[in-house]
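Asker: Let me see the structure of the following:
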Amino acid sequence: MSAFAHPSPLASAPPSRPLGALERVWLVADRAWPSFVNQLVVEGKGALDADAWRAAVQAASPLWPGARARLHGALGWTRWVADGPLPRVVTLPDAWDGLGPAPFTESPLDPWRGPISEIVLLPTVGRVVIRTHHGAFDGRAAWAFSEDLGAALRGEPVRGAAFAGLSDVRLAGPGPSESAPAADASIPSFRPGAPRVAGTTWGRRSLGAVPGPVLPRVLAAFARAAFDPSGPAPVPASATLRVSLPVDLRRHLPDGRACANLTGFVRLSLTTASTAPNVATALTHALSGGHELEPVRAAAPLQHLPIGPLAVLGRAAAARALRTGLASTSASVSNLGRQDPAALAAPGFTPHRLFWIPPGGLGTPIFVTLTGNPDGVELVVGMARCLAGDGRLDALLDGMVAGVRSDG
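Answerer: Residues are numbered from 1 along each chain as shown. Next up, the predicted model:
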């Protein structure tokens, strides 16, 4: 039997679990630079029935207590308790093109009052946006929740997800802890003296079919674009380029369906000589050594520290990075893998493509997501606005697309 029990709709008291160590880090990010939210965008054709979506939320909720959780307590006693409001369903008339931010994509979700999840329907353009707070969901949890909403829309069984008792620190167990990297990694697209525009933005490109392992090719393309001397703000050839790669900790669970942010990460250094094969080798080495667990163990003491002062420190570190062009991490790159849009099909609505908007936040100057669709890979790059100006976001996106396509 799994150490983490699946929810029971017959439970008499609201299930709960402790706030995870890295979940506290994401709450700090949300406090410092709201909103720190996962956003799955589903594109399709046909009618979007708000009442049907509300009925699907009702049908899925008994087996998804984590989708209605909110925070209680303080410091090391902070817990997610499933006593908050149900995920809300919002219908907007916006003719949003799905290529960049809109006001609703920047709207925060309140982890203390809830709801921590919502579904935004844009019927005029055939888009659905499923938004979940990153402090309570990682991409895998948000995708499992989305799959179950799709199943409920079609009248199919809902699988649910474990919630009570989950803990990233418990999963990591004893072992080596990561030493915090120095703030010596260059930030691509940094330009000294550029206007200090607040906030974050993002852009999107379709890569089409990508042969071979996608992540190593994209990382090599990212390095090539970042070091390109003809680019608008190239990284010096002698610089350190360090990327953070989220790793799903559910591979250490007997049953991987769990509603929590159970993500560790590994860090890789990229150089002008980085190619897809040598990046793949470095990634395999990091994962075989279980290095994704080390940041979880390093974050464990943060469970006992208040979020407010940590957010102040985070804002100060981000300001320093955007002033100097140096940070502990140049970028985060999250590979969500192949996800079938048909999982969100509903009577009258046929989805054909989906992608993920990266969580915003100046603590990660650049955040990349990759999502596999039946017709290829969707690439989304989020950036601090002060890095993205003067066409630098578009230049980085175009450089990455060109690099992926030219890397045979």
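
Asker: drop to CA atoms for contacts and neighbour counts, all remaining ones
Answerer: Fine.

Asker: From P374, how far off is A69?
Answerer: A69 sits 33 Å away from P374, going by Cα to Cα, to the nearest Å.

Asker: ok, the two, which is more surrounded?
Answerer: A69 (30 against 15; other Cα atoms under 10 Å).

Asker: how much space between that one and L86?
Answerer: 9 Å.

Asker: again with A226
Answerer: Counting by Cα to Cα, the gap from A226 to L86 is 43 Å.

Asker: Among these two, which residue is more densely surrounded?
Answerer: Shown here are A226 and L86; by other Cα under 10 Å, A226 has more neighbours (28 against 21).

Asker: ok but that one is inside a helix, no?
Answerer: Yes. Assessed by DSSP: H, G, I helix; E, B strand; the rest coil, A226 belongs to a helix.

Asker: just checking, it touches L396?
Answerer: Yes. If you go by Cα atoms under 8 Å, A226 and L396 touch, sitting 7.3 Å apart.

Asker: Overlap of the contact sets of those two?
Answerer: When contacts are counted by Cα atoms under 8 Å, 6 or more residues apart in numbering, A226 and L396 are jointly contacted by S189.

Asker: What strand or helix carries R191?
Answerer: Remark: R191 resides in no helix or strand, with elements defined by DSSP states H and E.

Asker: hmm, back to that, touching both of A69 and L86, which residues are there?
Answerer: Shared contacts of A69 and L86 (Cα under 8 Å, 6+ apart): P115.

Asker: what's the span of stretch 42-58, first residue to last?
Answerer: One end of stretch 42-58 sits 21 Å from the other (Cα to Cα).

Asker: Mind checking the pLDDT average for it?
Answerer: Stretch 42-58 shows a mean pLDDT of 97.

Asker: Can you give me the buried ones in it?
Answerer: Residues of stretch 42-58 classed as buried by neighbour count (16 or more other Cα atoms under 10 Å): 42-50, 53-54, 56-57.

Asker: possible to save these as TSV with secondary structure and distance to P347?
Answerer: As requested, these are arranged in TSV below (DSSP: H, G, I helix; E, B strand; the rest coil; distance: Cα to Cα, whole Å):
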residue	secondary structure	distance to P347
V42	strand	15
E43	strand	15
G44	strand	12
K45	strand	11
G46	strand	9
A47	coil	8
L48	coil	9
D49	coil	9
A50	helix	12
W53	helix	11
R54	helix	14
A56	helix	12
V57	helix	16
